[in-house]
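K.L.:
Attaching a predicted model along with its sequence, questions to come.
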Protein chains: 2
Amino acid sequence: MFDYKLLAALAAVVEQTGFERAAQVLGLSQSAVSQRIKLLEARVGQPVLIRVTPPAPTDIGRRLLNHVQQVRLLERDLQGQVPALDEQGMPERLRIALNADSLGTWWAGAVADFCIREQLLLDHVVEDQDVGLKRMRAGEVAACLCASERPLAGARSLLLGAMRYRALASPEFMARHFPAGFDPAHLPRTPALVFGPDDYLQHRFLASLGLAEGFLHHLCPSSEGFNRLAKAGMGWGMVPELQVEDALADGSLIEIVAGHPVDVPLFWHHWRNGGQLLERLTRHLHEGAASWLVPL
Amino acid sequence: MFDYKLLAALAAVVEQTGFERAAQVLGLSQSAVSQRIKLLEARVGQPVLIRVTPPAPTDIGRRLLNHVQQVRLLERDLQGQVPALDEQGMPERLRIALNADSLGTWWAGAVADFCIREQLLLDHVVEDQDVGLKRMRAGEVAACLCASERPLAGARSLLLGAMRYRALASPEFMARHFPAGFDPAHLPRTPALVFGPDDYLQHRFLASLGLAEGFLHHLCPSSEGFNRLAKAGMGWGMVPELQVEDALADGSLIEIVAGHPVDVPLFWHHWRNGGQLLERLTRHLHEGAASWLVPL
């Protein structure tokens, strides 16, 4: 079997973002931690850490860390059955890839109670859906929340519901660009807000109106920034309804065409053998998601 | 000189996220756009576009796009003096790297009027400060907002002010982890929220209290997500004051130790020969930043 003392040293250095704090947490001297990392590197025959501040895992280092995470999950299951095994009662970590709009809106409300109850720490990775699934395939994340249904081999996907987006702009923006109401003829010279190069929500919205016009755009890869740029009148854009309930109520954002939402499905992808903790989180999300997302 | 018809085709394909829309905007057939791209690739001797959906520039493609952007800025200056040159009156684009917390808070309010008045489109790139400066050096962005003062050769840096962060948590979180008030002895088993591996604000806050304890943490690379995880009681974290004025007023977030803010300076880095539009944006930010940021 692997020497888990060495792997635990690697995990501590990365999680504590440095050798000094890793040594504190492990109750070792800094040079002992350093020796364990060197020994690990001698065994695998290549570097596991890039010595920058903070230390970053190499590709092989990341694979090892993922393995440590999976072993910890399995240990945790066992500890539930054999409590005396539990050395420290330290919380577990799960690394999860998800879309920025979920993390910026309903995610915290959906998972907070579970994490507090289970003493679970989360490493959130914000990724476009395709990249999220790639990271899961590479073993870098334990689960992935994305719009794509098709599960990886060895994994399951579960529909949680959909996020509802609306095409919104400020009243000033509408008065400036569509003084006589929405008019497709003005679209090509009307700036839109686009989250990133993979963001096709604006195109989907226009397609739902039978339009295929090109448009100018600002790029804004931040959920909250997007919302603020829209309120400041810089462009129209597709905003999650969950994020702007207040703004819709007080009229600081209005629909550019009333009653044309775009619903984006959200699938929860998780490994079949990811351990009981991941299964419980999956069940928790499945049960609770309906209160945050719209049914599809 | 370069053949700018070819470069304009490249810019249109990337900006419009596809050949079809690029053709619409340029008033050409799709095959004409495609031929121009092929001709450009024949001239530079390598691909300028990766044929994915949407098409993405290669490294050399990005350099060419940056050149197009700089030429457009210079043309714009000239058009101001010789208005008849202005073919279409199309808006300009500037690509700007900045930190997520600025984009998520004060940025929209600071730049919206300027962008609307000047018909300026912005490509925001969210980056940690070191990466932002690297992107500027590589010619990928025209300006960069970051905490580092030292300008690149050929560029200027300008202090705009500082963002004030406070160490915040929900009242429930405080009751759970610090029932008798803040106690450093509990820190090692109290989860913090950390934005990303380069986020040392928590450490700076603890250092300002004379503490060097390690701590557990959730990772959350989303400003709004961070804020929501804090409100949901999952951890304590350093949150920009600008983002949580309401939460501080209504008590949904409270300081874990009263009166210990951490101020992070923000420097605006811009090329000296970046054109008049960039200079005017710089002046606009310089004049307006005081109303958003705290003085240093």
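P.N.:
Noted; the coordinates are in hand.
K.L.:
so how far is the top strand by length along chain A from its chain's centroid?
P.N.:
Ranked by residue count and defined by DSSP state E, the top strand of chain A is strand A:155-169. With Cα atoms, centre = their mean, to the nearest Å as the basis, strand A:155-169 stands 13 Å off its chain's centre.
K.L.:
on contacts alone, who are the packing partners of it?
P.N.:
Packed against strand A:155-169 by the contact rule (3 or more Cβ pairs under 8 Å, 6 or more residues apart in numbering or on different chains; DSSP states H and E) you find helix A:201-208, strand A:237-240, helix A:245-250, strand A:254-255, strand A:262-271, helix A:276-288. (Each C-beta comes from the backbone N, C-alpha and C, glycine too.)
K.L.:
For the fifth one, which strands pair with it and how are they oriented?
P.N.:
With DSSP bridges as the test, strand A:262-271 is paired with strand A:143-146 (antiparallel), strand A:155-169 (antiparallel).
K.L.:
mind listing the helices for the stretch 1-150 of chain A?
P.N.:
For the stretch 1-150 of chain A, the helices defined by DSSP state H, counting those that start in this stretch cover A:4-15, A:19-26, A:30-44, A:59-81, A:100-103, A:107-118, A:129-137.
K.L.:
Of all those, which one comes closest to A:Ala153?
P.N.:
The closest of the helices of the stretch 1-150 of chain A to A:Ala153 is helix A:129-137. By Cβ to Cβ, the value is 8.7 Å.
K.L.:
and the helices of the stretch 1-150 of chain A, which is most packed in?
P.N.:
Mean neighbour count, computed with mean count of other Cβ atoms under 10 Å in any protein chain shown, is highest for helix A:100-103 among these, reaching a mean of 26.
K.L.:
and it, C-alpha only, in CSV?
P.N.:
The C-alpha coordinates for helix A:100-103 follow below in CSV (Å, rounded to 0.1, in the frame of the first residue of the first chain):
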residue,chain,number,x,y,z
ALA,A,100,-20.9,30.6,-11.4
ASP,A,101,-24.6,31.4,-11.4
SER,A,102,-25.4,28.5,-9.1
LEU,A,103,-22.6,29.4,-6.7
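K.L.:
Tell me the helices and strands packed up against that helix.
P.N.:
Using 3+ Cβ pairs under 8 Å, 6+ apart as the contact test, the elements touching helix A:100-103 are strand A:120-126, helix A:223-231, helix B:223-231.
K.L.:
Include mean neighbour count and distance to A:His286 when you put these into TSV, please.
P.N.:
Compiled in TSV, these are given as follows (neighbours: other Cβ atoms under 10 Å in any protein chain shown; distance: least, Cβ to Cβ, whole Å):
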stretch	mean neighbour count	distance to A:His286
strand A:120-126	23	17
helix A:223-231	26	24
helix B:223-231	26	21
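K.L.:
And the ones you listed: which comes nearest A:Ser291?
P.N.:
helix B:223-231 (15.3 Å).
K.L.:
CA-only coordinates of the closest one, as PDB, when you get a sec.
P.N.:
Presented in PDB, the C-alpha positions along helix B:223-231 are these (Å, rounded to 0.1, in the frame of the first residue of the first chain):
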ATOM      1  CA  SER B 223     -17.600  37.000  -4.700                       C
ATOM      2  CA  GLU B 224     -21.400  36.600  -4.400                       C
ATOM      3  CA  GLY B 225     -21.100  32.900  -3.500                       C
ATOM      4  CA  PHE B 226     -18.600  33.800  -0.800                       C
ATOM      5  CA  ASN B 227     -21.000  36.300   0.600                       C
ATOM      6  CA  ARG B 228     -23.900  33.800   0.600                       C
ATOM      7  CA  LEU B 229     -21.800  31.000   2.200                       C
ATOM      8  CA  ALA B 230     -20.900  33.500   5.000                       C
ATOM      9  CA  LYS B 231     -24.600  34.500   5.500                       C
END
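K.L.:
tell me the mean pLDDT for it?
P.N.:
For helix B:223-231, mean pLDDT rounds to 94.
K.L.:
So what touches it?
P.N.:
A:100, A:103-105, A:107-109, A:112, A:124, A:222-224, A:243, B:100-101, B:103-105, B:168-170, B:173, B:193, B:195, B:218, B:220, B:235-237, B:239-240, B:243-244, B:247, B:252-253 (Cβ atoms under 8 Å, 6 or more residues apart in numbering or on different chains).
K.L.:
ranking the strands paired with strand A:262-271 by burial, who's on top?
P.N.:
strand A:143-146 (a mean of 25).
K.L.:
What mean pLDDT does that strand get?
P.N.:
In this model, strand A:143-146 has a mean pLDDT of 94.
K.L.:
Just put the helices and strands packed on strand A:155-169 in JSON lines and tack on distance to A:Ala142 and mean neighbour count.
P.N.:
Converted to JSON lines, the helices and strands packed on strand A:155-169 look like this (distance: least, Cβ to Cβ, whole Å; neighbours: other Cβ atoms under 10 Å in any protein chain shown):
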{"stretch": "helix A:201-208", "distance to A:Ala142": "27", "mean neighbour count": "18"}
{"stretch": "strand A:237-240", "distance to A:Ala142": "25", "mean neighbour count": "25"}
{"stretch": "helix A:245-250", "distance to A:Ala142": "31", "mean neighbour count": "12"}
{"stretch": "strand A:254-255", "distance to A:Ala142": "38", "mean neighbour count": "16"}
{"stretch": "strand A:262-271", "distance to A:Ala142": "7", "mean neighbour count": "21"}
{"stretch": "helix A:276-288", "distance to A:Ala142": "6", "mean neighbour count": "17"}
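K.L.:
Quick one: the ones you listed as a markdown table, columns for distance to B:Asn273 and mean pLDDT too.
P.N.:
A markdown table is the format used below for these (distance: least, Cβ to Cβ, whole Å; pLDDT from 0 to 100):
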| stretch | distance to B:Asn273 | mean pLDDT |
| --- | --- | --- |
| helix A:201-208 | 34 | 92 |
| strand A:237-240 | 33 | 96 |
| helix A:245-250 | 40 | 94 |
| strand A:254-255 | 42 | 96 |
| strand A:262-271 | 43 | 94 |
| helix A:276-288 | 52 | 92 |
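K.L.:
Kindly reformat those as TSV and extend each row with distance to B:Glu92.
P.N.:
TSV is the format used below for the helices and strands packed on strand A:155-169 (distance: least, Cβ to Cβ, whole Å):
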stretch	distance to B:Glu92
helix A:201-208	21
strand A:237-240	20
helix A:245-250	29
strand A:254-255	28
strand A:262-271	30
helix A:276-288	44
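K.L.:
Which among these is found nearest to B:Pro47?
P.N.:
Judging the helices and strands packed on strand A:155-169 by Cβ to Cβ, what sits closest to B:Pro47 is helix A:201-208, at 24.9 Å.
K.L.:
could you say what helices and strands whichever helix or strand comes after that closest one packs with?
P.N.:
As assigned by DSSP states H and E, the chain's next helix or strand after helix A:201-208 is strand A:217-219. The contact analysis (3+ Cβ pairs under 8 Å, 6+ apart) places strand A:217-219 against strand A:192-194, strand B:120-126.
K.L.:
Point out the residues in the stretch 51-200 of chain A that sit beside chain B.
P.N.:
Where the stretch 51-200 of chain A comes near chain B, counting by Cβ under 8 Å from any Cβ of the partner chain, the residues are A:54, A:56, A:90-91, A:100, A:103-105, A:107-109, A:111-112, A:115-116, A:121-126, A:176, A:188, A:191, A:197-198.
K.L.:
Output the below-cut-off pLDDT ranges for chain A.
P.N.:
Applying pLDDT under 70 to chain A flags the ranges A:1, A:75-90, A:129.
K.L.:
One more pass at 80, please.
P.N.:
A:1-4, A:25, A:27, A:66-67, A:69-91, A:128-131, A:138-140, A:197-198, A:213-214, A:273-274 (pLDDT under 80).
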